[in-house]
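Trainee: got a structure for you, letters missing:
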């Protein structure tokens, strides 16, 4: 890998928002001051971006308490109502890498505002309709807000000094889980006490507040990359993702052996291979596959899939276990609101341990932090297979899962940003967020099949058995251990810096706050 000389260091100075003057990195990164923002204004960047991330997570989770009632609320079949959830997953998966690349090209702050505006528009549309097609349309538009989280992480890299960057990225990375967990009790209360459409108006209000805060506090990043947006690459990635995620999310409804499901599973890798061959020939691709193939980036993304798979099992199992009637012999008989409050500590613990993860990364490296989180996560799920007999036991399980997820999630941006240049940070973080989404989608499909097949009849419907919950937790523990194995092959501390904005392989440069253009040959 190319070593940075002192001359190269001066040519790749910290961006303007971090206290220096941004200059070209030789690949289209534009320079200039970041709007003359004061240090006082920059102090508000982290909470504002975190609030934007939490708002997006609230939007994604707000329908969880009313999913079972959607067929009645929308006067449609159960299979059709499921599209209200599925379409947000699909649009969000497509949007994250695309919005990241657009941020690298045209400005990350600008694209965060576009993402939040999509959230507001989609929420307002959903709030004024009880018809299926407008609801699906609104939820699809809402999904484009998912790009705000990786864009926020990239802005932090550009604007914050190295001593603040690690903890800030950790907090931003955990915002998706924090917002999701905290939204559940609030959404459950609103769904029980008010018109369910108020959920969407609340999401629109949060999105509007986040937009105003971003406009007031967050500077536009001086880091830009040259070239044009890769439209064929975006279309190819969209086709591959839609085929893969549709097969995963709808396979249970269509039948895993149906022609449509098998056809989509067969089409997805073919589309990705053709897309990859095309991207390697494009000068400015949507996703730089050479950067993605670097060991640190590739293994972090694979570990992200495992963490996403493990995380989502808790959101599927714990609310059902809490709400099932005690007559089952294992259900805890709690209301929807109480169940949401019992799961909420998972989000609080994720928020609280994000700074701990940053300290571990600073002291031992983000690889150690990621592995520590995965160990805690595996232990939490294994303990959860027996801690099912009382509400307090479920709360303890939720907290432990939140600690593991929070530490692991917070380590990922440091690993990604430590291996890519500033001009690619938006797209790289978007791809990492996409990997988490693929993990959660896979978890939803696998755990859904397990709970559907391991069920008993109750009151005219089938409900999961205790064994079904336990098997689901064992699958999640297995996913965490798989992620731990993958993470063990990541480069150690000497090959990267803990969220300092430097490139792996040159920790001394990274620690000094300099940004080094990595070699195209990889790590």
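Mentor: Nice, I can see it. Keep in mind that what you see is a predicted model, and the values were worked out from it rather than measured. Numbers count the residues shown, from 1 in each chain.
Trainee: so, low pLDDT: which residues of the stretch 1-150 of the chain?
Mentor: Within the stretch 1-150 of the chain, the ranges that satisfy pLDDT under 70 run 1-43.
Trainee: revised request: answer the last question for the chain.
Mentor: 1-43, 176-177, 181, 226, 423, 493-523.
Trainee: packing partners for the longest helix anywhere in it?
Mentor: Assignment by DSSP state H gives helix 162-193 as the longest helix of the chain. Contacts defined by 3 or more CB pairs under 8 Å, 6 or more residues apart in numbering; DSSP states H and E place helix 162-193 against helix 45-61, helix 148-159, helix 198-217, helix 295-323, helix 336-364, helix 391-417. Heads up, the C-betas are built off the backbone N, CA and C, glycines and all.
Trainee: name the helices or strands packed onto the first one?
Mentor: To tie it back to what came earlier, the one meant is helix 45-61. helix 108-127, helix 148-159, helix 162-193, helix 198-217.
Trainee: would you mark the buried spots in that helix?
Mentor: 45-46, 48-61 (16 or more other CB atoms under 10 Å).
Trainee: turn the helices and strands packed on helix 162-193 into JSON lines, including distance to residue 244.
Mentor: Shown next, in JSON lines, are the helices and strands packed on helix 162-193 (distance: least, CB to CB, whole Å):
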{"stretch": "helix 45-61", "distance to residue 244": "19"}
{"stretch": "helix 148-159", "distance to residue 244": "20"}
{"stretch": "helix 198-217", "distance to residue 244": "27"}
{"stretch": "helix 295-323", "distance to residue 244": "12"}
{"stretch": "helix 336-364", "distance to residue 244": "27"}
{"stretch": "helix 391-417", "distance to residue 244": "21"}
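Trainee: after the strand or helix carrying residue 263, which helix or strand is next?
Mentor: Element membership for residue 263 (DSSP states H and E) is helix 259-281. As assigned by DSSP H and E, the chain's next helix or strand after helix 259-281 is helix 289-292.
Trainee: return the set of buried residues in that next one.
Mentor: Applying a neighbour-count criterion of 16+ other CB under 10 Å, one finds 290, 291, 292 buried in helix 289-292.
Trainee: repeat for stretch 199-211
Mentor: Buried residues in stretch 199-211 (16+ other CB under 10 Å): 199, 200, 201, 202, 203, 204, 206, 207, 208, 210, 211.
Trainee: ok, and what's touching it?
Mentor: Residues from elsewhere that reach stretch 199-211 (CB atoms under 8 Å, 6 or more residues apart in numbering): 48, 51-52, 55, 58-59, 62-63, 66, 113, 116-117, 119-120, 123-124, 126-127, 138, 142, 145, 186-187, 190-191.
Trainee: please spell out the ChimeraX selection for the buried subset of those residues.
Mentor: Burial among these is assessed by 16+ other CB under 10 Å; the matching ChimeraX selection reads:
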select :48,51,52,55,58,59,62,63,66,113,116,117,119,120,123,124,126,127,138,142,145,186,187,190,191
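Trainee: what's the closest of the helices and strands packed on helix 162-193 to residue 456?
Mentor: helix 295-323 (12.9 Å; CB to CB).
Trainee: could you check the angle the closest one makes with helix 45-61?
Mentor: 50 degrees (axes from the mean of the first three to the mean of the last three CA atoms, to 10 degrees).
Trainee: count of neighbours near the closest residue to residue 111 other than its chain neighbours?
Mentor: Closest residue in space to residue 111, ignoring its immediate chain neighbours: residue 103 at 4.0 Å, by CB to CB, 6 or more residues apart in numbering. Residues near residue 103, counting by other CB atoms under 10 Å, number 32.
Trainee: now do the same contact list for residue 103.
Mentor: 110, 111, 112, 147, 151, 154, 221, 426.
Trainee: same question for residue 472.
Mentor: 313, 316, 317, 447, 450, 451.
Trainee: just residue 243 next, same as before
Mentor: So residue 243 contacts 264, 265, 267, 268, 271 (CB under 8 Å, 6+ apart).
Trainee: secondary structure element holding it?
Mentor: Using DSSP H and E, residue 243 falls in helix 231-254.
Trainee: can you check residue 456 too?
Mentor: Taking DSSP H and E as the criterion, residue 456 maps to strand 455-458.
Trainee: right, and the helix or strand after that strand?
Mentor: Remark: after strand 455-458, the chain's next helix or strand is strand 461-464, criterion DSSP H and E.
Trainee: what distance separates that next one from the centre of its chain?
Mentor: Relative to its chain's centre, strand 461-464 lies at 30 Å (CA atoms, centre = their mean, to the nearest Å).
Trainee: what does stretch 46-58 give?
Mentor: 12 Å.
Trainee: what sits against the spatially most central residue of the chain?
Mentor: Computing the C-alpha centroid of the chain and ranking residues by CA atoms, centre = their mean puts residue 433 first, at 4.2 Å. Residue 433 makes contact with 96, 146, 149, 150, 176 under the criterion CB under 8 Å, 6+ apart.
Trainee: residue 110 is in contact with residue 221, correct?
Mentor: No - applying CB atoms under 8 Å as the test, residue 221 and residue 110 come out as separate, 9.4 Å apart.
Trainee: between the two, which has more neighbouring residues?
Mentor: Using other CB under 10 Å, the more surrounded residue of residue 221 and residue 110 is residue 221, with 30 against 16.
Trainee: against residue 287, how distant is that one?
Mentor: Noted for residue 221: a distance of 20 Å to residue 287, by CB to CB, to the nearest Å.
Trainee: follow-up on the earlier one: show me the two of the contacts of residue 243 that sit farthest apart.
Mentor: 265 and 271 (11.4 Å).
Trainee: counting neighbours, go ahead and name the busier of those two.
Mentor: Neighbour comparison, residue 265 and residue 271: the larger count goes to residue 271, with 19 against 16 (by other CB under 10 Å).
Trainee: can you list the domain ranges for the protein.
Mentor: 12-230+282-511, 231-281 (automatic domain parsing).
Trainee: hey, which of these is tucked in deepest?
Mentor: Ranked by mean neighbour count, the domains of the chain are led by domain 12-230+282-511 with a mean of 22 (mean count of other CB atoms under 10 Å).
Trainee: in which helix or strand would I find the residue nearest to residue 111?
Mentor: helix 83-106.
Trainee: tilt between that helix and helix 231-254?
Mentor: For helix 83-106 against helix 231-254, the angle by the same axes, to 10 degrees is 160 degrees.
Trainee: circling back to that earlier point, from the buried residues of stretch 199-211, which is closest to residue 166?
Mentor: residue 210 (23.5 Å).
Trainee: could you check how far the closest one is from residue 127?
Mentor: Distance of residue 210 to residue 127, computed by CB to CB: 17 Å.
Trainee: also residue 79?
Mentor: 24 Å.
Trainee: now stretch 173-188, how far from the chain's geometric center?
Mentor: Here stretch 173-188 is found 12 Å from its chain centre; the criterion is CA atoms, centre = their mean.
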